[in-house]
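Peer 1: turn this into a model:
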Amino acid sequence: MEYVTPKFNKDRFTCPHCNTVAHQLWANHIRANKEISTSKSAQDYYIKYSYYLSDLKSAKCEYCDKYSLWIKEKMIYPRKANVPEPNEDMPESVKKDYVEAGKIVNDSPRSACALLRVALEKLMIELGYKKGNLYEKINNFVGEDKGSDLEHSLTSVRVIGNDCVHSGVLDIKDKKPIAVALFNIINYIIEDTITKKRKIDEIYNIIPDSKKLKKSS
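Peer 2: Reported below is the predicted structural model:
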């Protein structure tokens with residue numbers, strides 16, 4: 001499923017309400033009214049005026065007709081994690097941290113990245129790699145496949161997640177797009193390590209054993 005991160009004044013992104021990539025209609029139609037009453041020479045008079053809140057805009061999704069509200073270029077409503085839904089094959093132990101990271105990514109991208117690193121370690125355990133630290137687990141998992149897209153994905157989550165905990169050489173403070181990218185990467189890792197095999201096995205298991213290649217003894 002395509003996911004386009006919502007951004008201020010962007011014409012098209014994933015709606016935080018319906019999760020559909022749709023065109024957005026922007027407007028700063030929100031107006032404040034003010035009325036002043038005073039007294040001068042025993043004569044009352046009123047001053048009335050209205051003005052637009054320059055820092056506040058709204059975006060209406062053309063697909064579901066619902067609004068998001070933005071102030072100073074940041075979305076304040078709905079307070080919802082704008083990250084991809086977890087892959088349907090994601091193990092429950094991994095999904096728990098994935099969902100929790102999604103809840104805090106708006107307020108703390110660094111903490112979300114750290115949680116995704118924890119989720120990755122749990123995935124390695126689910127895949128049978130229980131010994132050693134995360135670096136060693138990944139190293140044993142990829143084996144001779146170093147330099148592959150999968151290895152780069154695993155390493156990215158590990159290094160960025162570690163850096164968020166230990167404040168290393170990377171600076172991702174207030175950089176939500178990097179955090180959102182890690183959610184996509186986690187889903188890619190699940191797709192590559194679990195979903196692909198499931199889909200292949202579903203088709204392969206239809207074939208009678210008599211038609212399959214014989215395993216060498």
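Peer 1: quick one, domains of the protein?
Peer 2: 12-36+43-77, 92-204 (automatic domain parsing).
Peer 1: which stretches of this protein form helices?
Peer 2: Taking DSSP state H as the test, the helices found in the chain are 92-104, 109-126, 134-142, 149-166, 176-190, 196-204.
Peer 1: buried stuff in the third one?
Peer 2: The one in question is helix 134-142. Leu134, Lys137, Ile138, Asn139, Phe141, Val142 (16 or more other CB atoms under 10 Å). (Each C-beta comes from the backbone N, C-alpha and C, glycine too.)
Peer 1: hmm, back to that, just the domains of the chain: most buried one?
Peer 2: Among these, domain 92-204 has the highest mean neighbour count (mean count of other CB atoms under 10 Å), at a mean of 17.
Peer 1: want to throw the helices of the chain into a markdown table with mean pLDDT and distance to Lys57?
Peer 2: Converted to a markdown table, the helices of the chain look like this (pLDDT from 0 to 100; distance: least, CB to CB, whole Å):
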| stretch | mean pLDDT | distance to Lys57 |
| --- | --- | --- |
| helix 92-104 | 92 | 24 |
| helix 109-126 | 94 | 22 |
| helix 134-142 | 94 | 42 |
| helix 149-166 | 90 | 31 |
| helix 176-190 | 92 | 18 |
| helix 196-204 | 94 | 42 |
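Peer 1: in CSV: the ones you listed, plus distance to Ala22.
Peer 2: As requested, those are arranged in CSV below (distance: least, CB to CB, whole Å):
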stretch, distance to Ala22
helix 92-104, 20
helix 109-126, 25
helix 134-142, 37
helix 149-166, 28
helix 176-190, 18
helix 196-204, 29
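Peer 1: quick one, which of these is nearest to Asp11?
Peer 2: Between Asp11 and the helices of the chain, the shortest gap by CB to CB is with helix 176-190, which sits at 17.5 Å.
Peer 1: for the closest one, enumerate the helices and strands it packs against.
Peer 2: Packed against helix 176-190 by the contact rule (3 or more CB pairs under 8 Å, 6 or more residues apart in numbering; DSSP states H and E) you find helix 92-104, helix 109-126, helix 149-166.
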